[in-house]
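In: only geometry, no sequence info:
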């Protein structure tokens, strides 16, 4: 390949502005610009001296949301360097202009008939040094190198936006929050590419630590909002509006199926960056931001965001029927309070569910959604650690909660019942002395907490000698791990388990395996959805159907390739354990942990490097480095090339005849039009679901008119490893 046609790439590269909803671009034909909300010309936002100095929300809007801005500064960069206040105000003002309807439509609304749309009010600016953030989250935070919340590998700890989502301004925990950092690093980019912003859903309910000056750490229960932006010269002025769109439910504009599911019907059908035919218009959920572009949300997008706010944004302050641009406070008849009178537990059956009961009362919360939380610890108060992410806090403690809405100004609950399912304490066989604590919360604030209540819990070491009375039950009676099995010319992990199953005759039962670093309790995350759980963890399973009322299952095998553990080279030598869970109809019947094992046994005994191209597709009308073109998306598998340069190359034909290059910029060695990228696989068998190669339309060197063009792809590692993929056609019209 010619030098200019080759660039080192990151597998599954993110665009300039990385977002919370990443999807594949869909090709198609753009149509005329649809009906829209309020289009905003943004050319005036670019020069600093023209940034607006205020964020006046439209008083006719139905909902007004106050916004906190937290600037995380350092010794190297001041808060004002991080995010000039005028720039922040400009971002919020642009959001206000795009989150409402056109002036013609807004004229129909007023105080008696508010417009069904959202507006934002700049509330407060907070400056926090990175050292304080480090203290709160418990590990070093570097605002100049804040990692995005995407695809870091198992065994690698990167501090970044995923940590910021657990922070809130102590005195305004329910406000929307914009976190401003100096630079967001793309974890997928080999050379440290940057990201403009991320929509970063945080959680506010239980306080894990007390407040430390400006910020406090919170943990998971109900959603609250945080957006992280980096103040880069190439971060566009609609960045915050785009990320707010994601939070309020919107997919990217070109994700047609997702938009249709939300009832968004007034967008074009074009691919990424060209949803609308007219180049001067850019939907806020696009990636195509041309000079002088007018940004807008369509009317059905505004409707979808308003419906989301009504149904789901409960933990964020939403002031209804706002007027005059003032940030009102939610109406209340008094300070909400809760009083816990008694907490007790049923005696749990061996290995069974845990049922907690609470007698309590609440005041001044009629019709409000509140939460009751139950946390589990041992007799000395240490947390019982979760292992499967199903009933847990953000810091990994086993917990369960439930929501309730008091029907009266003063409501008494004589027996609120909260249940932790069987198998979710993740304890080894034997008797355990445990305790529970109960807390009540509303909108991120603690209302009451109980003293610990002790109880004993028994995990059967062996199943009973006789079958039960027909109730579904299961036990893992033995398990072993072989981490070094060569299978299909690759290294696999094989787990063998013996089960005893009662009351499950003729019903499907699954044995699921998750994987964990036992020293830290960290579960391995999945990155390519080949061996994965619904909550994004590395997972493999085996299934069986017991033929008898009591069935012994011997040697049930679970398999997973070592490459699908997604371990870095450094973490291959680290010990792992497998967490085995017997599951029937979504209910965990039993869970055990295997003895530790390592998978460092060297690469598989392969005959040599190999590769296979699985699929090729296109994303049209992409703008990269000022050139409009197409992205060729290639899915492939490569084996035996760990740490070696691998080249992905594409070639172009017109009706079966090779396209000839004219200027040597995008060409193969024989002069055929083509492009390539180079990278280094991290695993013995590595799957790349979306490798992207850019081809400017101008480099196709086509005459005016419509042309039928084909593309093939091949994989090189010193030599060609694949036969060229079957040509994939597309039609291109040269204006």
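Out: Nice, thanks for sending it over. Bear in mind that the values here come from a model prediction, so they are computed numbers and not experimental data.

In: So which residues of the stretch 301-450 of the chain form helices?
Out: Counting by DSSP state H, counting those that start in this stretch, the stretch 301-450 of the chain forms no helices at all.

In: And the chain, by the same measure?
Out: All helices of the chain, identified by DSSP state H, fall at 79-82, 85-98, 103-106, 130-137, 161-164, 239-247, 256-261, 299-311.

In: wait, what's in contact with residue 507?
Out: 472, 545-546, 584-585 (CB atoms under 8 Å, 6 or more residues apart in numbering). Placement of C-beta: from N, CA and C, glycine included.

In: Which one of those residues is nearest to residue 723?
Out: When the contacts of residue 507 are compared for distance to residue 723 (CB to CB), residue 545 wins out at 41.9 Å.

In: Distance of that closest one relative to residue 553?
Out: Taking CB to CB, to the nearest Å as the measure, residue 545 falls 10 Å from residue 553.

In: Give the residue from those two that has the larger number of neighbours.
Out: Per other CB atoms under 10 Å, whichever of residue 545 and residue 553 has more neighbours is residue 553, with 20 against 13.

In: Report the beta-bridge partner residues of that one.
Out: Beta-bridge pairing of residue 553 under DSSP bridges involves residue 499.

In: I'd like the contacts of residue 507 as CSV, with distance to residue 180 appended.
Out: Listed next are the contacts of residue 507 as CSV, based on distance: CB to CB, whole Å:
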residue, distance to residue 180
472, 53
545, 56
546, 57
584, 49
585, 47
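
In: Could I have the ChimeraX command that selects the buried members from these?
Out: Of these, the buried ones can be selected in ChimeraX as follows, counting by 16 or more other CB atoms under 10 Å:
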select :472,546,584
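
In: Nearest to residue 636, out of the helices of the chain?
Out: Of all these, the one in closest proximity to residue 636, counting by CB to CB, is helix 256-261 (24.7 Å).

In: Buried ones in the closest one, by neighbour count?
Out: Using 16+ other CB under 10 Å as the burial criterion, the residues of helix 256-261 that qualify are 256, 259.

In: gap between it and the chain center?
Out: Counting by CA atoms, centre = their mean, to the nearest Å, helix 256-261 is centred 19 Å from the centre of its parent chain.

In: before we move on, what about stretch 482-501?
Out: Remark: stretch 482-501 is offset 30 Å from the chain centroid, using CA atoms, centre = their mean.

In: thinking again about what came up before, please identify the one among the helices of the chain that comes closest to residue 497.
Out: Nearest of the helices of the chain to residue 497, taken as CB to CB: helix 161-164 at 33.3 Å.

In: hang on, the earlier thing: tell me the one of the contacts of residue 507 nearest residue 64?
Out: Taking CB to CB as the measure, residue 64 sits nearest to residue 585 out of those, at 45.3 Å.

In: list the contacts for the closest one?
Out: Listed by CB under 8 Å, 6+ apart, the contact set of residue 585 reads residue 507.

In: same thing but 10 Å
Out: Residue 585 sits next to 472, 504, 507-510 when contact means CB atoms under 10 Å, 6 or more residues apart in numbering.

In: Now do the contacts for residue 726.
Out: Contact partners of residue 726, counting by CB under 10 Å, 6+ apart, are 613, 616, 710, 712-713.

In: Is residue 712 bridged to anything, and to what?
Out: Beta-bridge partners recorded for residue 712 (DSSP bridges): residue 651.

In: typo on my end, residue 169
Out: Beta-bridge partners of residue 169, as defined by DSSP bridges: residue 215.

In: shift numbering so it begins at 258
Out: Noted, 258 is the first residue going forward, which turns the last one into residue 426.

In: Isn't it up against residue 384?
Out: No. Look at residue 426 against residue 384 with CB atoms under 10 Å: they stay out of range, at 11.6 Å.

In: Mind checking which of these two has more residues around it?
Out: Taking neighbours as other CB under 10 Å, residue 426 and residue 384 compare with residue 426 leading, 20 against 16.

In: thinking again about what came up before, arrange the helices of the chain in a markdown table, one row each, with mean pLDDT as further columns.
Out: Shown next, in a markdown table, are the helices of the chain (pLDDT from 0 to 100):
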| stretch | mean pLDDT |
| --- | --- |
| helix 336-339 | 82 |
| helix 342-355 | 86 |
| helix 360-363 | 87 |
| helix 387-394 | 85 |
| helix 418-421 | 78 |
| helix 496-504 | 83 |
| helix 513-518 | 82 |
| helix 556-568 | 84 |
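
In: closest one to residue 309 among the ones you listed?
Out: helix 342-355 (4.6 Å).

In: Between helix 556-568 and that closest one, find me the angle.
Out: Helix 342-355 and helix 556-568 are oriented at 100 degrees to each other (axes from the mean of the first three to the mean of the last three CA atoms, to 10 degrees).

In: can you state the direction angle for helix 342-355 and helix 496-504?
Out: Using the same axes, to 10 degrees, the direction of helix 342-355 lies 50 degrees away from that of helix 496-504.

In: If you count contacts, what does helix 342-355 end up packed against?
Out: strand 297-298, strand 318-330, helix 336-339, strand 372-386, strand 433-438, strand 480-487, helix 496-504, strand 551-553 (3 or more CB pairs under 10 Å, 6 or more residues apart in numbering; DSSP states H and E).

In: Tell me which of those lies nearest to residue 899.
Out: From the helices and strands packed on helix 342-355, taking CB to CB, the stretch that ends up closest is strand 480-487, at 32.5 Å.

In: And the average pLDDT for the closest one is what?
Out: The predicted model gives strand 480-487 an average pLDDT of 54.

In: got it, and stretch 736-747?
Out: Stretch 736-747 carries an average pLDDT of 82.

In: residues of it that come out buried?
Out: 736, 738, 740-741, 747.

In: how far does it sit from the chain's center?
Out: Computed by CA atoms, centre = their mean, the chain-centroid distance of stretch 736-747 equals 31 Å.

In: which residues in the stretch 558-707 of the chain form strands?
Out: Using DSSP state E, counting those that start in this stretch, the strands of the stretch 558-707 of the chain run over 576-577, 594-602, 611-620, 627-635, 656-661, 667-677, 687-699, 702-706.

In: Any idea which of these gets closest to residue 712?
Out: Of all the strands of the stretch 558-707 of the chain, strand 594-602 sits nearest to residue 712, with 5.0 Å by CB to CB.

In: shared neighbours of residue 802 and residue 810, which are they?
Out: Shared contacts of residue 802 and residue 810, defined by CB under 10 Å, 6+ apart, are found at 758, 766.

In: returning to what we had before: can you put the helices of the chain in TSV and add distance to residue 543?
Out: Below are the helices of the chain laid out as TSV (distance: least, CB to CB, whole Å):
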stretch	distance to residue 543
helix 336-339	27
helix 342-355	12
helix 360-363	22
helix 387-394	32
helix 418-421	22
helix 496-504	9
helix 513-518	12
helix 556-568	12
